[in-house]
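A.B. asks: give me a 3D structure for the following:
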Amino acid sequence: ADAARARVEENKKKKPMEVLKKEAKSLAADTGFPFEKALAAPGISVICEVKKASPSKGLIAVDFPYLEIARQYERAGASSAISCLTEPFWFLGSDRYLEAITDEVMIPVLRKDFTVDEYQIYEAKLLGASAVLLICAILSEKELGQFLKMAHSLGLSALVEAHDEEEVARALRAGARIIGVNNRNLKDFTVDVKNSVRLRALIPPEVLYVSESGIRGAEDVAVLYKNGTDAVLIGETLMRSSDKAAMLQELKRDCHE
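C.D. replies: I've put the predicted structure just below:
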């Protein structure tokens, strides 16, 4: 999060907050929240991630044709949305990737980054994103509430990420409409899909529920689907697959209405 704060301060020097805010507010806010609509569709929705690297796995894609990957996801038809990493320090992401992808595909795109400043929410709007990621672990409850209101006022959805009961409760109090439970323990990087299964009961039916990280195959997806999960966010499993369309079909194999 410290690296994200430093990056925001650098960006503010290049484009002051007032200028960015004015540009973002000049864009239509009556978007209809396409990211939420995609996740609420019948069956289990898949948010397909475009990422080059991660802190737990290091470099995932040496060759990184990010636009072609996004096109493959959209063409596969099984993708409900795309998640694009813009965080440069840990994930080797870039705003450039997001901007190019949102220009290219019709399905909604989530800007995945460490959101620590309202500046980044205005940036996401200008880059063409349909949603932003808000992580409970790095935001106070007050910030969470403020950022949610701001995103919604711009016509952006917010995926609020939680890891445990306390963070789920905070997300709900702040007014989250989409809660994502991260199955990865950020202290030791271990993964347990049962974390999503366990926390599902705490979230009311009107709030969309997403399971993130460590989803390896159709068995994991089927367990989550049966548990009432609305969407899964899948990164590495898809990024490492040479046939992304076939992998998407395989992941959803046991999820029939």
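A.B. asks: who's in contact with stretch 46-62?
C.D. replies: 39, 64, 66, 69-70, 73, 76, 78-85, 90-93, 97, 101, 110, 112, 184, 189, 210, 231-236, 238-240, 244, 248, 251-252 (CB atoms under 8 Å, 6 or more residues apart in numbering). In short, each C-beta sits where N, CA and C put it, glycine included.
A.B. asks: please, where are all the strands along the stretch 51-200 of the chain?
C.D. replies: 53-54, 58-59, 81-85, 109-112, 131-135, 157-162, 178-182 (DSSP state E, counting those that start in this stretch).
A.B. asks: ok, back up a step: tell me which of the contacts of stretch 46-62 fall in helices.
C.D. replies: Using DSSP state H, the subset of these located in helices is 39, 66, 69-70, 73, 76, 90-91, 97, 101, 236, 238-239, 244, 248, 251.
A.B. asks: what two of these have the greatest distance between them?
C.D. replies: A76 and W90 (27.2 Å; CB to CB).
A.B. asks: neighbour count for those two, which is higher?
C.D. replies: Neighbour totals were compared for A76 and W90, and A76 leads with 18 against 14 (other CB atoms under 10 Å).
A.B. asks: the closest residue to S213 other than its chain neighbours and E212, how far apart?
C.D. replies: Nearest residue to S213, sequence neighbours excluded (CB to CB, 6 or more residues apart in numbering): R184, at 4.1 Å. As judged by CB to CB, to the nearest Å, R184 and E212 stand 8 Å apart.
A.B. asks: the more surrounded of these two?
C.D. replies: E212 (26 against 18).
A.B. asks: who's the more buried one bridged to?
C.D. replies: N182, L233 (DSSP bridges).
A.B. asks: list the contacts for it?
C.D. replies: By CB under 8 Å, 6+ apart, the neighbours of E212 are E161, G180, V181, N182, N183, R184, S196, V232, L233.
A.B. asks: could you rerun that using 7 Å?
C.D. replies: E161, G180, V181, N182, N183, L233 (CB atoms under 7 Å, 6 or more residues apart in numbering).
A.B. asks: now do the contacts for the nearest residue to Q249 once chain neighbours are set aside.
C.D. replies: In space, Q249 comes closest to A78 once its chain neighbours are excluded; the distance is 6.0 Å by CB to CB, 6+ apart. By CB under 7 Å, 6+ apart, the contact list for A78 reads V46, L248, Q249, K252.
A.B. asks: any idea how many residues pack against the first one?
C.D. replies: Residues contacting V46 under the criterion other CB under 10 Å number 26.
A.B. asks: A strand includes it, no?
C.D. replies: Yes: under DSSP: H, G, I helix; E, B strand; the rest coil, V46 falls within a strand.
A.B. asks: surely R111 touches G128?
C.D. replies: No: if you go by CB atoms under 7 Å, R111 and G128 don't touch, sitting 9.0 Å apart.
A.B. asks: the two: which is more packed in?
C.D. replies: Between R111 and G128, counted using other CB under 10 Å, the more crowded position is R111 (28 against 19).
A.B. asks: list the beta-bridge partners for that one.
C.D. replies: C84, V132.
A.B. asks: now do it, the pLDDT please.
C.D. replies: Note on R111: pLDDT of 98.
A.B. asks: would you list the phi and psi of the closest residue to I178 other than its chain neighbours?
C.D. replies: Nearest non-adjacent residue to I178, counting by CB to CB, 6+ apart: L208, 4.3 Å away. Main-chain dihedrals, L208, degrees, to the nearest 10: phi -70, psi 140.
A.B. asks: next: S26.
C.D. replies: phi -80, psi -10.
A.B. asks: counting neighbours, what do you get for it?
C.D. replies: So S26, with other CB under 10 Å, has 9 neighbours.
A.B. asks: same question for M239.
C.D. replies: Neighbours of M239 (other CB under 10 Å): 21.
A.B. asks: contacts only, for it.
C.D. replies: Per CB under 7 Å, 6+ apart, neighbours of M239: E49, K51, I60, A61.
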